[in-house]
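Undergrad: I'll drop the sequence and a predicted model, then ask my questions.
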Amino acid sequence: MKSNGWCSSHVNNIYIRLDLRCDYTCVSTSVTIKTAMTSTVGKKATGLVAATFTPLTPKGEINLSEIGPYIDYLLEQQGVKSIFVNGTTGEGLSLTVEERKQLAEEWCRKGKNKLEQVIVHVGCLSLKDSQELAHHAAEIGADGIAVIAPSFFKPATAGALRMFLQEVAAAAPAVPFYYYHIPSVTGVNLQARDVLEGIESQIPSFRGLKFSGSDLMDFGRCVSYCPSHWSYLYGVDEQLLGALAMGANGAVGSTYNYLGKSGNRLLSAFEKGDITLARILQFQVQDILSYAIDLGFDLAVNKQLMSEVSGLALGPPRLPLLLCPQAKARSIAQRLQQVLGVK
Ligand SMILES: CC(=O)N[C@@H]([C@@H](O)[C@H](O)[C@H](O)CO)[C@@H](O)CC(=O)C(=O)O
């Protein structure tokens, strides 16, 4: 009979992993001490991050002129200081490489000296396109880049996905790199914990995880495996509280575009140990989203809801997503105002 186990601890940048392998005849203990992440790539991403919608004109072209007002809205009305652009909410995979570059550039330009972090999603089906976008993000001064798993030809193993991520990260080695785990959208159902196995030795700029999955056991295993100086950003907004308990140190999501204030209150209630308040705030988000889900909530509805709540002209989604009827978005916006007690 055998038992294998390990434990790790992180003290003052020293990362200690203790491997214990025992059977009845032998006990071997090996202790590895390494200085964790000696490079000082970037600042740590924490707190609330809005996954931005991509403003389009009524004809479906990217609308860069709305980005400045969008950033001001997030800062002034929602208290959100960091953004994640060209991701799922931003319809990144429906945009051309050139459009993604123009958008990333404008978000970075308009966010400079205002926002704390602009993280650019650079994942594509094509490795070459991802590398081009990663390199571009470095040139324009993005604070971080993130990559989802390619989802047409899917990686067969965690190792194959790690190799893909490594090749992208190598195109922007000085930019903090995040793995973006979103199995419900990519259909890549690998455990994030497996993807992270040894990733720091393959990607020196690796700085954390954007986990948009509902498997909190996998998320917890990521947090317990990884060094504390990484970012663990959780992306299922309606169950953020569970992820905070599991060790998330921030949240990235679509609803923080219009529920930023409440998201910030939830984070600070949790930090202060006021679980009762944190729970009330989480239940409010769940109420609003269940109401929306009953009406058929998807990205198109979400985008229209943001236009409705913020007054920004975000335009339609891009095909194949269909424009949401305004009455539907209006009805969800009313529910939101009732639940939050906003006039
Ligand atoms: C599947 C999906 O779109 N998930 C959203 C959530 O914020 C989601 O909209 C929210 O939890 C409501 O279900 C984010 O995780 C996506 C995200 O962060 C992104 O746009 O990159």
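TA: Perfect, I can see it now.
Undergrad: Up against the ligand, what does the protein have?
TA: 51, 84, 87-89, 184-185, 212, 235-238, 252-255, 289 (Cβ under 6 Å from any ligand atom). For glycine as for every other residue, the C-beta is placed from the backbone atoms N, C-alpha and C.
Undergrad: Which members of those residues are positioned in helices?
TA: Judged by DSSP state H, helices contain the following of these: Ser184, Val185, Leu289.
Undergrad: Going by neighbour count, which of these are buried?
TA: Neighbour-count burial (16 or more other Cβ atoms under 10 Å) applied to those gives Val185, Leu289.
Undergrad: would you turn the ones in helices among the residues of the chain next to the ligand into JSON lines with pLDDT?
TA: Shown next, in JSON lines, are these (pLDDT from 0 to 100):
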{"residue": "Ser184", "pLDDT": "97"}
{"residue": "Val185", "pLDDT": "97"}
{"residue": "Leu289", "pLDDT": "98"}
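Undergrad: for the ones in helices among the residues of the chain next to the ligand, which one is nearest Gln334?
TA: Leu289 (14.6 Å; Cβ to Cβ).
Undergrad: surely the closest one meets Tyr258?
TA: No: with contact defined as Cβ atoms under 8 Å, Leu289 and Tyr258 do not form a contacting pair (11.7 Å).
Undergrad: in the stretch 51-200 of the chain, which spans are helices?
TA: 67-73, 97-111, 127-139, 158-169, 183-186, 192-196, 199-202 (DSSP state H, counting those that start in this stretch).
Undergrad: The stretch 201-343 of the chain too?
TA: Counting by DSSP H, counting those that start in this stretch, the helices of the stretch 201-343 of the chain are 216-225, 240-245, 260-271, 275-294, 299-310, 326-340.
Undergrad: and these, which is most packed in?
TA: Among those, helix 299-310 has the highest mean neighbour count (mean count of other Cβ atoms under 10 Å), at a mean of 22.
Undergrad: contacts for that helix?
TA: Here helix 299-310 makes contact (Cβ atoms under 8 Å, 6 or more residues apart in numbering) with 53, 70, 73, 77, 88-89, 91, 254-255, 257-258, 292, 295, 312-317, 321-324, 326, 328-330, 332-333, 336.
Undergrad: follow-up on the earlier one: could you point out which of the helices of the stretch 51-200 of the chain sits nearest Ala243?
TA: Taking the helices of the stretch 51-200 of the chain one by one with Cβ to Cβ, helix 192-196 is closest: 12.3 Å.
Undergrad: what sits up against the closest one?
TA: Here helix 192-196 makes contact (Cβ under 8 Å, 6+ apart) with 158, 161-162, 165, 179, 181, 209, 211, 213, 218-219, 221-222, 225-226.
Undergrad: Single out whichever of the residues you listed has the smallest pLDDT.
TA: Least confident of the contacts of helix 192-196 in the model: Cys226, at 87.
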